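# No sequence on hand, only this structure:
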């Protein structure tokens with residue numbers, strides 16, 4: 001009876017609080033005396049089942065910031081020795097300093113932090129007050145790179161350098177015992193630390209050949225961009241057990257002549273379906289590498305030229321040796337790019353055939369040597385049909401623009417441009433009758449770009465064009481573009497030499513090519529009126545841009561000159 005009454009009272013008490021569980025005392029949260037925000041669950045991220053890794057974990061474990069209110073008035077030795085004397089586990093204080101009225105230091109590990117937290121109000125200060133100690137999860141301490149710290153870093157690097165083999169071991173630098181004893185924490189995830197290390201290497205050991213950067217939680221490698229300048233002789237590089245996810249991050253080391261590379265323990269290794277693809281991807285960046293992750297590789301197939309050889313001079317424009325072809329293409333370039341570089345590209349609709357096809361492909365440079373970040377290609381990537389990147393067949397079809405209206409609509413959405421006509425190089429690859437195929441390469445800049453600096457791109461446009469007199473009809477176009485290397489960009493828009501053509505605004509006349517059904521009707525009619533068979537009738541119409549009247553005039557002229565072969569009139 002008593003038990004039932006107690007149960008009823010208990011149930012009644014729980015129902016009285018409809019908004020959740022029972023209230024816990026302030027310091028009685030799960031996991032001990034540390035505040036709930038400091039527990040490994042990481043709040044809602046963990047409850048939702050979403051993986052979460054804090055910066056502290058990525059830098060080699062859990063870091064905690066220990067603060068003592070009004071600790072600025074206390075002696076450092078008193079604080080550290082008093083806490084150490086009653087803490088249940090030993091700990092190493094890192095970066096002890098004062099902030100406002102607080103004394104602050106960092107410890108590594110949740111067990112050590114909990115032991116320190118449990119000393120709160122158990123220590124009496126010289127003034128008679130109980131010392132409050134707080135421990136909160138934190139990002140790793142950022143030790144300032146002052147003169148004292150840099151000197152200690154040089155001493156550490158000196159001890160880790162083996163002059164007999166020109167090898168520098170910087171593995172797990174943040175846990176270096178000598179630096180810890182000096183209350184110094186240096187994480188190589190911080191760019192200023194890497195910059196300082198490269199500076200020291202360049203000044204004292206530029207002959208370095210072997211560099212070990214393993215176990216430093218490295219993910220972003222851009223701060224190493226000057227390694228070729230500071231240590232050009234590095235041939236063996238150890239990046240094992242870091243957090244490198246993509247092979248493209250390794251291009252920052254691409255100018256080093258590496259023969260040995262270790263990436264074991266990085267996510268990038270598991271990103272390939274088989275080892276051969278992994279090896280191929282790495283050798284694309286480091287073609288001379290002979291050992292990867294400790295495994296010998298077969299010798300690479302290279303074409304090293306030991307004796308300096310003068311390469312042939314560029315041929316420049318190529319028009320198949322035909323002056324007529326050159327005249328037609330130059331006329332096309334004059335008209336087309338004058339309209340393309342204008343504020344309104346709608347008149348280009350007359351340059352495309354009704355059934356024309358257009359595709360665009362954009363790609364970033366694997367190695368970027370310019371200042372700042374590589375300019376974004378976002379305006380082009382949304383239309384990009386690069387078959388290497390776009391695997392989905394429906395997306396490939398969607399990004400293939402068909403018909404003059406769709407093509408000019410897509411071109412009008414691209415940034416306004418100004419082409420450097422002096423940079424143009426034309427390569428005509430095919431000319432037969434009224435059909436031409438040619439490629440134009442060059443550079444342009446986006447004059448509508450909102451950034452302070454001009455964004456210069458390089459391009460290649462391949463056209464298939466039908467020509468009838470002064471009229472053009474583009475039936476197929478492929479545009480490929482990317483950013484321009486900084487050394488090339490400096491030479492753009494500066495030449496005073498005569499361009500390939502001098503553009504003048506003009507409308508573009510179009511040779512309207514009829515549909516397949518209309519073509520067949522024209523062939524039958526022309527064959528009936530001329531007496532020629534359908535094969536020769538088609539040939540005559542095609543060579544004259546499907547202009548019926550012009551074809552008829554040409555037929556009568558050739559018939560009068562008796563220059564039509566007899567087989568044209570046989571079925």
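Now that the structure is in, tell me what you want to look at. Please read all numbers here as calculations on a predicted model, not as lab measurements. Residues are numbered from 1 along each chain as shown.
# Point me to the residue sitting closest to the centre of the protein.
By Cα atoms, centre = their mean, the chain has its centre lying nearest to residue 364, at 6.6 Å.
# So for the helix or strand harbouring residue 418, what gets flagged as buried?
Assigned by DSSP states H and E, residue 418 belongs to strand 417-419. Residues 417, 419 are the ones in strand 417-419 that count as buried (16 or more other Cβ atoms under 10 Å). Using the backbone N, CA and C atoms, a C-beta is placed for each residue, glycine as well.
# ok, now stretch 347-358?
So for stretch 347-358, counting by 16+ other Cβ under 10 Å, buried means 347-353, 356-358.
# quick one: terminal-to-terminal distance for it?
17 Å (Cα to Cα, to the nearest Å).
# Stretch 517-537 - what's its average pLDDT?
Mean pLDDT, computed over stretch 517-537, is 83.
# So which residues make contact with that stretch?
514, 538, 540-541, 546, 548, 551-552, 555, 564, 567-571 (Cβ atoms under 8 Å, 6 or more residues apart in numbering).
# Just confirm the residue nearest to the centre of the chain contacts residue 381, I think it does.
No. In this structure, residue 364 is not within contact of residue 381 by Cβ atoms under 8 Å, at 9.2 Å.
# Now do the shared contacts for those two.
Joint contacts of residue 364 and residue 381 (Cβ under 8 Å, 6+ apart) do not exist.
# related to what we said a few turns ago, could you single out the nearest of the buried residues of stretch 347-358 to residue 409?
Distance ranking of the buried residues of stretch 347-358 against residue 409, using Cβ to Cβ, places residue 349 first at 9.1 Å.
# Doesn't that closest one belong to a strand?
No. Counting by DSSP: H, G, I helix; E, B strand; the rest coil, residue 349 is not part of a strand but helix.
# residues in contact with it?
Here residue 349 is in contact with 404-405, 408 (criterion: Cβ under 8 Å, 6+ apart).
# Now which of the residues you listed would you call buried?
Of the contacts of residue 349, these count as buried by 16+ other Cβ under 10 Å: 404, 408.
# Same list, the contacts of residue 349, but as JSON lines with secondary structure and distance to residue 445 please.
JSON lines is the format used below for the contacts of residue 349 (DSSP: H, G, I helix; E, B strand; the rest coil; distance: Cβ to Cβ, whole Å):
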{"residue": "404", "secondary structure": "helix", "distance to residue 445": "27"}
{"residue": "405", "secondary structure": "helix", "distance to residue 445": "28"}
{"residue": "408", "secondary structure": "helix", "distance to residue 445": "22"}
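# And the contacts of residue 349, which is closest to residue 209?
Using Cβ to Cβ, these come closest to residue 209 at residue 408, 57.6 Å.
# where's the nearest residue to the closest one once chain neighbours are set aside relative to residue 469, distance?
Of all residues not flanking residue 408 in the chain, residue 349 sits nearest, at 4.6 Å (Cβ to Cβ, 6 or more residues apart in numbering). Per Cβ to Cβ, to the nearest Å, residue 349 is found 20 Å from residue 469.
# Kindly report the same for residue 391.
Residue 391 is 44 Å from residue 469, by Cβ to Cβ.
# With residue 195 instead?
For residue 195, the distance to residue 469 - Cβ to Cβ - is 64 Å.
# do the same with residue 256
58 Å.
# How many residues are close by residue 118?
Residues near residue 118, counting by other Cβ atoms under 10 Å, number 16.
# Angles on the backbone of it, please.
With angles defined as degrees, to the nearest 10, residue 118 sits at phi -70, psi -10.
# Which pLDDT value belongs to it?
At residue 118, pLDDT is 94.
# pretty sure it is touching residue 89, no?
No. Using Cβ under 8 Å, residue 118 makes no contact with residue 89, being 10.2 Å away.
# So residue 391 and residue 469 - more neighbours on which side?
Higher neighbour count among residue 391 and residue 469: residue 469, with 12 against 8, using other Cβ under 10 Å.
# Distance check, that one against residue 108.
Distance, residue 469 to residue 108, using Cβ to Cβ: 81 Å.
# now do residue 214
Where residue 108 is concerned, residue 214 sits at a distance of 19 Å (Cβ to Cβ).
# same question for the lengthiest helix in the chain, mean pLDDT?
If you go by DSSP state H, the chain has its longest helix at helix 323-340. Helix 323-340 shows a mean pLDDT of 89.
# Give the next helix or strand downstream of that helix.
That would be, after helix 323-340 and using DSSP H and E, strand 352-363.
# Quick check: buried residues in stretch 174-186?
Residues of stretch 174-186 classed as buried: 174, 176, 179, 182-186 (neighbour count, 16+ other Cβ under 10 Å).
# Among these, which are located in helices?
Among the buried residues of stretch 174-186, the members falling in helices (DSSP H) are residue 179.
# In TSV: the buried residues of stretch 174-186, plus pLDDT and distance to residue 415.
Converted to TSV, the buried residues of stretch 174-186 look like this (pLDDT from 0 to 100; distance: Cβ to Cβ, whole Å):
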residue	pLDDT	distance to residue 415
174	83	45
176	87	50
179	87	50
182	82	54
183	77	53
184	83	49
185	83	46
186	87	44
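# Save the buried residues of stretch 174-186 as CSV, and put in distance to residue 443 too.
Below are the buried residues of stretch 174-186 laid out as CSV (distance: Cβ to Cβ, whole Å):
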residue, distance to residue 443
174, 45
176, 49
179, 49
182, 53
183, 54
184, 49
185, 48
186, 43
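# Now whatever helix or strand residue 137 lives in: average pLDDT?
Here residue 137 sits within strand 134-138, counting by DSSP H and E. Mean per-residue pLDDT for strand 134-138: 92.
# what lines up beside it in the sheet?
Strand 134-138 has the following strand partners under DSSP bridges: strand 63-68 (antiparallel).
# Could you pull up the mean pLDDT of the strand it pairs with?
pLDDT averaged over strand 63-68 gives 91.
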